[in-house]
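A.B. asks: Okay, predicted coordinates and the sequence, questions at the end:
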Amino acid sequence: MKPNGTSLNIPPNGTPSLNGNNMNGKHHNGHNYDEQLIDDIGDEHGAAAIDTPMRPDAFDLDNDTKIDLIEEHFREIMGILGLDLTDDSLKGSPRRVAKMYVTEIFRGLDPANKPLPTLFENKFRYNEMLVEKDILVQTYCEHHFVPVIGKAHIAYISSGKVIGLSKLNRIVEYFSKRPQVQERLTVQIADELKKVLETEDVAVIVDAKHLCVSTRGVHDINSSTITAAYGGKFEEDATRQEFLRYIGCSNVTI
Ligand SMILES: [Zn+2]
């Protein structure tokens with residue numbers, strides 16, 4: 001559905017209004033942001049709250065309306081940049097970007113897309129560590145909205161339940177399809193695994209390259225960032241070292 005002139009005005013710290021003309025949302029000429037602070041927060045990639053900061057009305061709009069609105073606003077951004085939206089190559093871009101945001105790269109914002117865990121009884125009474133390594137991570141820096149690409153390594157020790165291996169990938173994927181900071185992504189994956197597997201004995205390492213570090217700012221194409229979350233038995237050095245050996249990170253000091 002086409003919102004027909006609807007605009008979502010979101011002031012920086014205030015209450016959003018639909019169809020409103022809330023001037024707090026306008027920043028041109030005498031905006032109230034501290035530019036240096038914005039750059040610093042982005043470049044330091046500091047950890048924020050564990051829960052993704054969501055507005056209480058995050059799902060008041062349906063996906064079709066969100067796509068229509070984002071399309072409208074992205075067209076405006078392209079226009080402000082000076083791009084000619086009548087060009088054959090460019091004219092479909094606002095719609096493409098809007099659909100990509102809502103249905104692909106940020107679909108993990110919607111709890112309706114959360115994977116349902118398939119649990120099995122641990123019939124083999126396998127009480128050792130299970131490790132799944134090199135799980136693809138494709139997420140997006142919430143400070144710059146560019147990709148962060150890397151791998152996740154997951155381990156758990158069964159409390160009596162085991163999870164389908166592909167569900168580990170699905171959980172990583174779900175929390176990745178959001179604007180993220182890597183620290184939060186790591187903890188969100190670990191917390192979900194603890195809940196689903198009913199155990200604290202969970203370890204998650206994420207090793208990823210940030211395109212906002214490699215393609216802008218300091219232009220460092222070589223560095224990657226490692227974050228880790230350890231629970232239960234993985235807080236013990238011997239268990240942790242075993243995990244690190246399995247994933248080939250034994251020389252890495254975390
Ligand atoms: Zn960034």
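C.D. replies: That came in fine, so what should we check first? Residues are numbered from 1 along each chain as shown.
A.B. asks: Return the set of residues that bridge with the closest residue to the ion within the stretch 51-200 of the chain.
C.D. replies: Closest to the ion within the stretch 51-200 of the chain is Cys141: 3.3 Å, counting by Cβ to the ion. For glycine as for every other residue, the C-beta is placed from the backbone atoms N, C-alpha and C. Under the criterion DSSP bridges, Cys141 forms beta bridges with Gln180.
A.B. asks: buried set for stretch 116-134?
C.D. replies: Residues Pro117, Met129, Leu130, Glu132 are the ones in stretch 116-134 that count as buried (16 or more other Cβ atoms under 10 Å).
A.B. asks: same thing with stretch 147-162?
C.D. replies: Buried positions in stretch 147-162, judged by neighbour count with 16+ other Cβ under 10 Å: 147-158, 162.
A.B. asks: Which one of those residues is nearest to Ile70?
C.D. replies: When these are compared for distance to Ile70 (Cβ to Cβ), Pro147 wins out at 18.2 Å.
A.B. asks: What's the separation between that closest one and Asn63?
C.D. replies: For Pro147, the distance to Asn63 (Cβ to Cβ, to the nearest Å) stands at 22 Å.
A.B. asks: next one: Val206
C.D. replies: 28 Å.
A.B. asks: of the two, who's got more company?
C.D. replies: Val206 (29 against 14; other Cβ atoms under 10 Å).
A.B. asks: secondary structure class for that one?
C.D. replies: For Val206, the secondary structure call by DSSP: H, G, I helix; E, B strand; the rest coil comes out as strand.
A.B. asks: So which of the buried residues of stretch 116-134 belong to helices?
C.D. replies: Nothing among the buried residues of stretch 116-134 maps onto helices, per DSSP state H.
A.B. asks: Could you tell me which of these belong to strands?
C.D. replies: Met129, Leu130, Glu132 (DSSP state E).
A.B. asks: Let's see the pLDDT reported for the last one.
C.D. replies: pLDDT for Glu132: 96.
A.B. asks: returning to what we had before: save the buried residues of stretch 147-162 as TSV, and put in secondary structure and distance to Lys177 too.
C.D. replies: Formatted as TSV, the buried residues of stretch 147-162 follow (DSSP: H, G, I helix; E, B strand; the rest coil; distance: Cβ to Cβ, whole Å):
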residue	secondary structure	distance to Lys177
Pro147	strand	12
Val148	strand	12
Ile149	strand	13
Gly150	strand	15
Lys151	strand	16
Ala152	strand	14
His153	strand	19
Ile154	strand	17
Ala155	strand	23
Tyr156	strand	22
Ile157	strand	28
Ser158	coil	27
Val162	strand	25
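A.B. asks: Might you enumerate the residues of the chain proximal to the ion?
C.D. replies: Within the chain, the residues that sit near the ion (Cβ under 5 Å from the ion) are Cys141, His143, His144, Cys212.
A.B. asks: No more questions from me, cheers.
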